[in-house]
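> Below are the sequence and a predicted model for it; my questions follow.
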Amino acid sequence: DGGITQSPKYLFRKEGQNVTLSCEQNLNHDAMYWYRQDPGQGLRLIYYSQIVNDFQKGDIAEGYSVSREKKESFPLTVTSAQKNPTAFYLCASAPIRDSLHQPQHFGDGTRLSIL
Amino acid sequence: QKEVEQDPGPLSVPEGAIVSLNCTYSNSAFQYFMWYRQYSRKGPELLMYTYSSGNKEDGRFTAQVDKSSKYISLFIRDSQPSDSATYLCAMSALSGDMRFGAGTRLTVKP
């Protein structure tokens, strides 16, 4: 079954702690993305990656870090520098054909809360 | 002014009604237009994808794009309780830069 798997579904962070959210896709998509979703706001882009070992900051990258060591995996670390981390985090992936990004497909998200 | 404006609702309709969901945008660089459906505690699911002005139909869903007015719509015919969800519009430039609306929460009552 092809898809995007995010884990864990729920995550709690203590003050001063870094936490890592997992995102794995078996769709053979080139591009992967991380978004943050807050009530009443559209999805906001944190980071994206079009190719292994390369990634770019999105609109709200401060306090977050990513890596892309494998095509299938794009983990997101929420660092202690992110002062308001409580949100629903969504990972997405998309193929790139003829240099054009195709529609993104999403995982089922991780809900992060502060303890 | 936000790049993408979407009425957050909530919108409540009786079963069988025609639903109209709308978004406006300000960036002329947007060339691709999408509608996603998001159930509670789930990720968005792609419903419709179009890149030209006009209508695109898929079953009970019709996506409409008017690039001259920078206005897109999603129509749902014969709405069902299972259509109750949040609907997100999204649009993308050729570069892949993508923007989402805040979402409209729809409830279809039996």
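All right, it came through fine. What you are looking at is a predicted structure, and each value in this text was computed from that prediction instead of being measured.
> got the residue ranges for the strands in the chain?
No chain in the question, so chain A it is. A:4-7, A:10-13, A:19-25, A:31-37, A:44-51, A:54-57, A:64-66, A:76-78, A:87-94, A:96-97, A:100-101, A:105-106, A:110-114 (DSSP state E).
> Chain B, not that one
B:4-6, B:11-14, B:19-25, B:30-38, B:45-50, B:54-58, B:61-66, B:71-76, B:85-93, B:98-100, B:104-109.
> Of these, which is nearest chain A?
strand B:98-100 (3.9 Å; CB to the nearest CB). (Glycine included, C-beta is placed from N, CA and C.)
> returning to what we had before: switch the strands of chain B over to CSV; also include mean pLDDT, distance to A:Leu21 and mean neighbour count.
Compiled in CSV, those are given as follows (pLDDT from 0 to 100; distance: least, CB to CB, whole Å; neighbours: other CB atoms under 10 Å in any protein chain shown):
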stretch, mean pLDDT, distance to A:Leu21, mean neighbour count
strand B:4-6, 94, 25, 20
strand B:11-14, 97, 32, 13
strand B:19-25, 97, 29, 19
strand B:30-38, 95, 18, 22
strand B:45-50, 94, 20, 17
strand B:54-58, 93, 32, 12
strand B:61-66, 96, 32, 18
strand B:71-76, 97, 30, 20
strand B:85-93, 94, 21, 23
strand B:98-100, 91, 19, 23
strand B:104-109, 97, 25, 17
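> and of those strands, who's closest to A:Tyr64?
strand B:98-100 (18.0 Å; CB to CB).
> what does chain A put close to chain B?
Neighbours of chain B within chain A, by CB under 8 Å from any CB of the partner chain: A:4, A:6, A:31, A:40-43, A:45, A:50, A:90, A:92, A:96, A:100-101, A:103-109, A:111.
> centroid residue for chain A?
Closest to where the C-alpha atoms of chain A average out (CA atoms, centre = their mean) is A:Trp34, at 2.6 Å.
> still on that earlier bit, would you reformat the strands of chain B as TSV and include distance to chain A?
Listed next are the strands of chain B as TSV, based on distance: least, CB to the nearest CB, whole Å:
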stretch	distance to chain A
strand B:4-6	7
strand B:11-14	15
strand B:19-25	10
strand B:30-38	5
strand B:45-50	5
strand B:54-58	13
strand B:61-66	12
strand B:71-76	14
strand B:85-93	6
strand B:98-100	4
strand B:104-109	10
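> Identify whichever of the strands of chain A lies nearest to B:Gly43.
Here strand A:105-106 is closest among the strands of chain A (CB to CB), at 3.6 Å.
> Show residues contacting stretch A:5-22.
A:23-25, A:34, A:73, A:75-80, A:85, A:89-91, A:107-115, B:43 (CB atoms under 8 Å, 6 or more residues apart in numbering or on different chains).
> next one: it to chain centre, how far?
Stretch A:5-22 has its C-alpha centroid displaced from the chain centroid by 12 Å (CA atoms, centre = their mean, to the nearest Å).
> Thank you kindly, that will do.
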